[in-house]
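# coords please:
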Amino acid sequence: MKLSCVGDFKVGQNISGFYLCKEKYLKKTRLGDSYIDLILQDVTGKVRAKVWNHANHFSNKFTKDHVVAVKGSIVEFNNSYEINIDSINAIRDRSYINYGYSNKLIIGDEPKDLKKNKKYIESRIKRIPGLYSKILTRIYNLYNSKIEKVPFDNEVFFIRGGLFRYTYCLLNIYDSISVYYKDIDSDKLVTCIMIMNIGYIDYYNDDLFTVSEKAKELNLNILGINLLSKVLVNYKSITDEDRDFLKECILFDKNRYDKNISFAKHLISLGKINNV
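Residues are numbered from 1 along each chain as shown. Next up, the predicted model:
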């Protein structure tokens, strides 16, 4: 069976493929008929999809965050592609391997320069003086096996090692403009960049794309705060000011964060502009 990737879709095409269900909503038409509205994703991109027929029947076969086997056809709606789904079912065992399923269809391979990214991040941690360097080193050592692999949840960085790659790219954006921002505390800003997304360590299961049970109960920020709290237990002498700063790097509380955290948010915006 030839499998269809999101990036190769064409209007009028009949498709069969495997996709990660990122969003799922059971809705009603204006006439009161049920349908399912979905966002599906594979390694090549995201696409909206709808199940118009037998919606209640198919809704029982999968949930959000399942990998699903889909058959349908591609239509155009609001200048974008959509899948009109004829059948959909969750992959619950290894039987779909016989039909061509592989995790590589969902999540991309790690970037070729991941080792370079890792080396750069480690060097930046060492350049930060004192307590923050020790805390970051402990985090990156404790969760080394996961933090190097987890993806970052956007289309560009939904790959193995995506979080590392995203962090590296933000640091490079800062390096390119830092000369113009003398009032920014470089050490605090770099610390913020490196710590703000650590919740991803507990967000995904070992397959790196299905959402963990912890993440179904707690949002990404709380997962990050919980990880940070476990690490900070080892630093009895940490001040309340430092503790609050590190937590705010994760929470991004707009009513509290200092100018360094504000600038980190500015870098994120620049990253979006530059497709980072």
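
# List the residues that contact the residue lying closest to G45 once chain neighbours are set aside.
By the measure of C-beta to C-beta, 6 or more residues apart in numbering, the closest residue to G45 outside its immediate chain neighbours is V6, 4.2 Å from it. For every residue, glycine as well, the C-beta is placed using N, CA and C. By C-beta atoms under 8 Å, 6 or more residues apart in numbering, the residues touching V6 are 19, 40-42, 44-47.

# Just the buried ones from those?
Neighbour-count burial (16 or more other C-beta atoms under 10 Å) is assigned, among the contacts of V6, to 19, 40-42, 46-47.

# Which of the helices or strands spans Y81?
strand 80-90 (DSSP states H and E).

# A strand includes D206, no?
No. Counting by DSSP: H, G, I helix; E, B strand; the rest coil, D206 falls outside a strand, being coil.

# And the contacts of whichever helix or strand comes after the strand holding Y81?
Sequence-wise, the next helix or strand downstream of strand 80-90 (DSSP H and E) is helix 114-127. When contacts are defined by C-beta under 8 Å, 6+ apart, helix 114-127 is touched by residues 111, 133, 136-137, 140, 148, 161, 164-165, 167-168, 171, 190, 194.

# biggest separation within these, which pair?
The largest distance within the contacts of helix 114-127, taken as C-beta to C-beta, falls between P111 and S133 and amounts to 25.4 Å.

# The stretch 151-276 of the chain: helices as residue ranges?
162-177, 186-195, 200-203, 213-217, 220-232, 240-251, 259-273 (DSSP state H, counting those that start in this stretch).

# Quick check: which of these is nearest to V51?
helix 213-217 (22.8 Å).

# So which elements touch that closest one?
With contacts taken as 3 or more C-beta pairs under 8 Å, 6 or more residues apart in numbering; DSSP states H and E, helix 213-217 sits against helix 200-203.

# State the pLDDT value of N79.
Looking at N79, its pLDDT is 87.

# So what does it look like in phi/psi?
N79 adopts backbone torsions of phi 60, psi 20, taken as degrees, to the nearest 10.

# Please apply the same query to G72.
According to degrees, to the nearest 10, G72 has phi 180, psi -160.

# which strand residues sit across from it in the sheet?
Legend: beta-bridge partners of G72 under DSSP bridges are I15, I85.

# roughly how far apart are it and S16?
For G72, the distance to S16 (C-beta to C-beta, to the nearest Å) stands at 8 Å.

# ok, now R94?
Counting by C-beta to C-beta - R94 and S16 are separated by 18 Å.

# between those two, who's got more neighbours?
Ranked by neighbour count (other C-beta atoms under 10 Å), R94 and S16 place S16 first, with 16 against 8.

# Tell me, how many residues neighbour the closest residue to that one other than its chain neighbours?
For S16, ignoring the flanking residues on the chain, the nearest one in space by C-beta to C-beta, 6+ apart is K71 at 5.0 Å. Burial measure for K71: 16 neighbouring residues, criterion other C-beta under 10 Å.

# Over to K112?
Around K112 there are 7 residues (other C-beta under 10 Å).

# neighbours around the nearest residue to I193 once chain neighbours are set aside, how many?
Excluding its sequence neighbours, the residue lying closest to I193 (C-beta to C-beta, 6+ apart) is L170, at 5.1 Å. Using other C-beta under 10 Å as the criterion, L170 is surrounded by 23 other residues.

# now do Y166
Applying other C-beta under 10 Å, we find 24 residues neighbouring Y166.

# rewinding a little: any chance of the helices of the stretch 151-276 of the chain in a markdown table, plus distance to N144?
A markdown table is the format used below for those (distance: least, C-beta to C-beta, whole Å):
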| stretch | distance to N144 |
| --- | --- |
| helix 162-177 | 11 |
| helix 186-195 | 14 |
| helix 200-203 | 10 |
| helix 213-217 | 19 |
| helix 220-232 | 13 |
| helix 240-251 | 19 |
| helix 259-273 | 23 |
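
# Mind putting the ones you listed into TSV with mean pLDDT?
Compiled in TSV, the helices of the stretch 151-276 of the chain are given as follows (pLDDT from 0 to 100):
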stretch	mean pLDDT
helix 162-177	90
helix 186-195	92
helix 200-203	95
helix 213-217	92
helix 220-232	95
helix 240-251	91
helix 259-273	74
